[in-house]
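**Q** Just a sequence and a predicted model for now, questions to come.
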Amino acid sequence: DSEESACRWPVTEWGSVAPYRAAVIPIGDGEVEEVAAEIHDAIGEDCLLFDGKQSVGERFAESGLLGIPAKVVVGNTYRETGTVDIERLNGENLAVAPESVPAAVEQFGAGG
């Protein structure tokens, strides 16, 4: 199970010591890639944006191996509802509007 093999970084009084607060994983192209890039830019350098050079499975696996606290998935849910999925290492999932992602990621990065 990928959750069991995921790296788990400690959370200190400064927040998570993970190398990135979030990984943005687009599943698809066109508007999905554009929204993923906008989310990445809104979060800033503490965010890893996966590009189309890796398969979707490789993107998920690498974000888990790096111990990134939150995966922001822009794909079918965005196409259907206009929201993106945020998945935490502990299995918690949230569906939020793209503009709400930076605040949610901030909370996750702080261990909340």
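**A** Arrived safely. Not measured: the values here are computed from a predicted model. Numbers count the residues shown, from 1 in each chain.
**Q** where along this structure do the helices fall?
**A** For the chain, the helices defined by DSSP state H occupy 2-5, 31-43, 56-65, 76-81, 101-109.
**Q** Can you name the residues that contact the residue nearest to the spatial centre of the chain?
**A** The centroid of the chain falls nearest to Lys71 when counting by Cα atoms, centre = their mean (2.2 Å). By Cβ atoms under 8 Å, 6 or more residues apart in numbering, Lys71 lies in contact with 22-23, 25, 60, 63, 86-87. All C-beta atoms are positioned from the backbone trio N, CA, C, and that covers glycine.
**Q** Tell me the pLDDT of the nearest residue to it once chain neighbours are set aside.
**A** Distance criterion Cβ to Cβ, 6 or more residues apart in numbering; nearest residue to Lys71, sequence neighbours excluded, is Glu87 at 4.5 Å. For Glu87, the model assigns a pLDDT of 91.
**Q** roughly how far apart are Glu87 and Ala70?
**A** Distance, Glu87 to Ala70, using Cβ to Cβ, to the nearest Å: 7 Å.
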